[in-house]
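> structure for the following, please:
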Amino acid sequence: MFSENELTRRSRSSLWSNRLWILSGVLALATIVSMVFVVHDSGRQRTAAAMVSKSAADQAAAVAAGRLEILALETFSPAEPWETRASLTASEALARLVRSQRGAAQCRCRDTLPADVFFRFDVNAGTLIVAPVGAQPNAPAAPVIAAQRDHYS
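You can find the predicted model right below:
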């Protein structure tokens with residue numbers, strides 16, 4: 001009897017071994033087919049490339065926005081003092097902006113937004129105060145701006 005069990009095990013073993021080889025062959029074939037689809041699927045590659053380019057554009061936009069915010073703060077901070085005293089008048093604020101812009105242009109020690117003219121428009125009074133930074137500003141004169149405002153209102 002012992003020998004019969006041994007033969008039965010061998011026949012089962014070889015049959016089971018054949019089934020494992022067939023299963024491993026099917027799995028290998030499925031792996032190869034899947035790999036071919038992944039390599040040759042241009043839709044996934046396009047999607048991945050689009051995601052990478054969008055990420056790079058978002059990063060560049062964030063850096064540019066941060067840089068612009070810093071420049072705006074450095075340019076317009078003289079008009080908004082951090083002290084808790086009374087606020088500046090319109091002409092004092094414009095004078096500080098012009099003085100700061102001229103100082104930054106002369107010393108070239110800090111970056112600011114390029115500005116030829118600073119202005120303040122008081123909505124309630126309807127007045128426009130213009131303060132040029134340089135000797136010859138590249139902006140229209142106050143009457144021209146006022147005439148355009150009257151034309152579009």
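
> by mean pLDDT, which helix or strand of this protein comes out lowest?
Ranked by mean pLDDT, DSSP states H and E, the helix or strand of the chain with the weakest confidence is helix 142-152, at a mean of 55.

> show me the domain layout of this protein.
Taking automatic domain parsing as the domain assignment, the ranges for the chain are 2-67, 90-152.

> point out the one among those domains that comes closest to residue 78.
domain 90-152 (4.0 Å; CB to CB). In short, each C-beta sits where N, CA and C put it, glycine included.

> run through who's touching stretch 91-103.
Contact with stretch 91-103 is made by 75-79, 88, 112, 115, 118-120, 129, 131-133, as judged by CB atoms under 8 Å, 6 or more residues apart in numbering.

> list the buried residues in it.
93, 94, 95, 96, 97, 98, 100, 101 (16 or more other CB atoms under 10 Å).

> what residue ranges in this structure score low on pLDDT?
Scanning the chain for pLDDT under 70 picks out 1-17, 80-86, 135-153.

> now do the helices in it.
Per DSSP state H, the chain carries helices over the ranges 2-40, 42-76, 90-107, 142-152.
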